[in-house]
Each structure stands twice: as C-alpha cells, then as structure tokens.
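Colleague: What follows is a protein structure lacking sequence information:
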C-alpha cells in the first residue's frame, strides 16, 4: 500500500489482505538496512488469521521515499504519522533490532494508542562498535558482510536451513545490497548511528505499562540476550522468551518459533 507521509511516498505491506476496520492492527517494523520483506514468513499468517497487517518500509528503505530518519525519535514520529494517515487508532507493534527501539519509543510517545509491543532481537543501549560504524560509512559492502556473519548461526546456511531451498544468509546480503543500490545515501550508517545515539530507552521502558515481549536469540552476537537487562528491570509487564539455535536474524532462522511466540502474545 502506497500513501503520502510528510510529502514523501510511504509503503506498507498488508500480507495480501484488505484493511478491515473491525480487526486489530499489528505493525511490523524492520531493522537497519532492511525493509518489510524480512517479515514475509510471519505477516501473511497474521493477515489471514484475524489481524490487519502493516509491515512498513521506513523512510529511505524499500519502497518508501525520502531521506532515512536520523534518530529513533524521528522514526517513531513517522510511524505515528502513518497511523494517523491510515486512520488506525490503536495498534500492536512488532520491531526487530533498530525497529524494536522504534516500537519502544512509539509506545512511550503514544501509550494510549499502542496496546502491545514485541521487541525481537533487541538490546538497550544498542551500541554499535566504531569499526562497524566506520565500515557502514566508508566501506558499506564490508559492513554488510560483517553484519551477516555476526547475525546468523550455522543453522542459517544451506542445507540445514529450516526452509529447504532458501538461502537465509544470501537473501539477507542481497536485501542489504538492494537497499544500498536504491538509496546510496549511506542508509546503513544513518541507521546504525540512530541506534548508537538513542538514549531514551530506559525512560521509555519506565513509561510503558502495556504488555511487552522480548523475543531473543540465544546465540545472537549483535544484540546478545544479556544486553536486555535494563529493559527487563524497567518494563512493567515484560515476558522474555529466548530461542535456541538462533542468532540475530530470528525471523528467518526460526520462522515457525518466532511466529508461534508472536501470535500467542498478540492473541492473549
């Protein structure tokens, strides 16, 4: 679905179903240098099982135009503008990595509007090493390679992938390369800088009273489970689930387990 947000084209994927006002709405938010397609294995199920789905492309990513937002706060404001434009009064949010911070900040900005939040592959603070930041700015392909190596466990590589014929790591690399091609304006560096600079997470967590799910990968090297300690301490209604044999790319490495946890949480 295409529409205009802040004088730029914005896109969200609906999972193949038309919007139905009487159904609950769930918004999926991707991570750095990604787009809505990272949720492809989960969103269609939700769309065909009782939910309106909005899997967004953040500005400067995928089919959404304009410059990439330079802060998590800006991304949260854009997301609320999207909900305004589509007439969605209440929503549940699912965010991965950078998207999890966007979900957290959006929930804090609009506590009466956001009903539940699932933070997948998350951490706070979400600090990015100088080596990776510099690579994202100066040698983007090297940054793409590093992130893909660190984001996947051995199960992601064929032929052990749970989806036969689907090369998880290769698909992730190609998506990041595509984002670079359609928007050469250092999107990866902008995204990483926004994650690295975000310092409102502790306060946002304290403000949230809605149910929250932390869905983590046991072998995640990008956002290791121990890096959620501050979130666990300050979120009021927090459920923590850690998946085995899984790194940072939970949605593709363990798609069925991720779907099961998200659906159970959102339906409760």
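Modeller: Alright, I've got the coordinates. Treat the numbers as computed from the prediction; the structure is a model and nothing was measured.

Colleague: outside of the helix or strand encompassing residue 54, which residues touch it?
Modeller: Taking DSSP states H and E as the definition, residue 54 sits inside strand 52-57. Outside strand 52-57, the residues within contact range by CB atoms under 8 Å, 6 or more residues apart in numbering are 1, 10-15, 17, 19-20, 23-30, 35-36, 39, 43, 46-47, 63-64, 79, 82, 86, 88, 91. All C-beta spots, glycine's among them, are computed from the backbone N, C-alpha and C.

Colleague: Give the partner strands of it in its sheet and their orientations.
Modeller: Within its sheet, strand 52-57 is paired with strand 8-13 (antiparallel), strand 25-29 (parallel), according to DSSP bridges.

Colleague: So what's the residue count around the nearest residue to residue 44 once chain neighbours are set aside?
Modeller: Nearest residue to residue 44 in three dimensions, chain neighbours excluded: residue 15, at 4.8 Å (CB to CB, 6 or more residues apart in numbering). For residue 15, the neighbour count with other CB atoms under 10 Å is 22.

Colleague: Now, of the contacts of strand 52-57, which are buried?
Modeller: 10-15, 17, 24-30, 35-36, 39, 43, 46-47, 64, 79, 82, 86, 88, 91 (16 or more other CB atoms under 10 Å).

Colleague: now the strand holding residue 54: how far from the chain's centre is it?
Modeller: Here strand 52-57 is found 11 Å from its chain centre; the criterion is CA atoms, centre = their mean, to the nearest Å.

Colleague: just stretch 259-268 next, same as before
Modeller: In terms of CA atoms, centre = their mean, the centre of stretch 259-268 is set 16 Å apart from its chain centre.

Colleague: who touches that stretch?
Modeller: Stretch 259-268 is contacted from outside by 24, 26, 41-42, 45-46, 49-51, 92, 94, 116, 118, 120, 211, 213, 215, 239, 241, 243, using CB under 8 Å, 6+ apart.

Colleague: Write a PyMOL command that selects only the buried members of those.
Modeller: Restricted to buried positions by 16+ other CB under 10 Å, the PyMOL selection for those reads:
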select buried, resi 24+26+41+42+45+46+51+92+94+116+118+120+211+213+215+241+243
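
Colleague: Among the contacts of stretch 259-268, which are located in helices?
Modeller: Judged by DSSP state H, the contacts of stretch 259-268 include 41, 42, 45, 46 as members of helices.

Colleague: okay, those in CSV with pLDDT and distance to residue 75 next?
Modeller: As requested, these are arranged in CSV below (pLDDT from 0 to 100; distance: CB to CB, whole Å):
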residue, pLDDT, distance to residue 75
41, 88, 23
42, 95, 20
45, 97, 25
46, 98, 22
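
Colleague: Just give me the closest of these to residue 231.
Modeller: Checking the ones in helices among the contacts of stretch 259-268 against residue 231 with CB to CB, the nearest one is residue 42 at 21.7 Å.

Colleague: List the contacts of that closest one.
Modeller: 28, 251, 255, 258, 259, 262.

Colleague: quick one: least confident of these?
Modeller: In this model, the minimum pLDDT among those belongs to residue 255 (92).

Colleague: Just to check, that one is in contact with residue 43?
Modeller: No: using CB atoms under 8 Å as the test, residue 255 is too far from residue 43 to be in contact (11.1 Å).

Colleague: Mind listing the residues bridging to the nearest residue to residue 51 once chain neighbours are set aside?
Modeller: Spatial nearest neighbour of residue 51, chain neighbours left out: residue 26 (4.9 Å); criterion: CB to CB, 6+ apart. Beta-bridge pairing for residue 26 (DSSP bridges): residue 53, residue 92.
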